[in-house]
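A.B. asks: this one's sequence-less:
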């Protein structure tokens, strides 16, 4: 039996074909993780929120204190030996709490001292006060007296003490011999943080992984930059310093991703050749470098004079060299 041909009716041709369909534009990476971190850290809580958390902390502390008191006194009444042990352990806890509070107080005081040095140096430069400039130089020698890596720098500044007859020369000597080596160490910390944030963003596909990595890396970077310049900040000091740095960046719009940043980091059309995830990694790394440069500005005891301010472009290029394909 012969098979007859089958006639298949075709629909009318569609108005839009693959050839005539509009091109779907790829969304440019925006570095959402770093922008979220900056907004989170820089946001100031409302008065109502501060009042709520303060009241809650006071209530919890009061309840814990009363519970501890009842526990110790009840244990003393039931068993003097166990009560004495409880009293001793409570005393050790209170001692540890006082030591932690003292460490935080000293750390915040050290950060304020460095900030005060920078203020004095800026005032000396503005007024041409040679005596004030020499005082700042002497305070820097005291600040870095226990830094073995600056031994040669301290000797050079001490040997030239009294040779400078203007503010720029006095502060320039201190900056060249004392702060230049510290600037190099701080740049290494910034590059390491930018590399870490970029790598995690590009490789780890888990939700919120890039946000957590950016937050932890930036907190650690700011703390280490402060330590490089002599500001050994504690937990509260680190958070206050982080808020100060990121608040400044948000206020100046430095966390916004613009064509200047994309062009300087990606070299023109390189980002278009990368995957979207790699592009986000590059942008997050660049924004981390911006935070690092701002942290150096805040933690440095002297304004930039003889030494050039680090370039975000240079930091990112050194941090990400060989990390992502560029062709």
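C.D. replies: Now that the structure is in, tell me what you want to look at. All figures in this text were calculated on a predicted structure; none of them were measured in a lab.
A.B. asks: May I ask you to name the longest helix in this protein?
C.D. replies: When the chain is scanned for its longest helix (criterion: DSSP state H), the result is helix 80-127.
A.B. asks: gap between stretch 150-168 and the chain center?
C.D. replies: Put simply, stretch 150-168 sits 32 Å off its chain's centre (C-alpha atoms, centre = their mean, to the nearest Å).
A.B. asks: Quick one: mean pLDDT over that stretch.
C.D. replies: Per-residue pLDDT over stretch 150-168 has a mean of 82.
A.B. asks: Quick one: end-to-end distance for that stretch.
C.D. replies: 21 Å (C-alpha to C-alpha, to the nearest Å).
A.B. asks: circling back: and the next helix or strand past the longest helix of the chain?
C.D. replies: helix 130-143 (DSSP states H and E).
A.B. asks: which strands and helices sit next to the following helix or strand past that next one?
C.D. replies: Per DSSP H and E, the first helix or strand lying C-terminal to helix 130-143 is helix 151-159. In terms of contacts (3 or more C-beta pairs under 8 Å, 6 or more residues apart in numbering; DSSP states H and E), helix 151-159 is packed against helix 130-143, helix 167-174. From N, CA and C alone the C-beta is placed, and that goes for glycine too.
A.B. asks: Kindly recompute the last result at 10 Å.
C.D. replies: For helix 151-159, the packing partners by 3 or more C-beta pairs under 10 Å, 6 or more residues apart in numbering; DSSP states H and E come out as helix 130-143, helix 167-174, helix 180-203.
A.B. asks: In a markdown table: those, plus mean neighbour count and distance to residue 119.
C.D. replies: Putting the helices and strands packed on helix 151-159 into a markdown table (neighbours: other C-beta atoms under 10 Å; distance: least, C-beta to C-beta, whole Å) gives the following:
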| stretch | mean neighbour count | distance to residue 119 |
| --- | --- | --- |
| helix 130-143 | 18 | 10 |
| helix 167-174 | 21 | 13 |
| helix 180-203 | 21 | 19 |
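A.B. asks: Cheers, nothing more for now.
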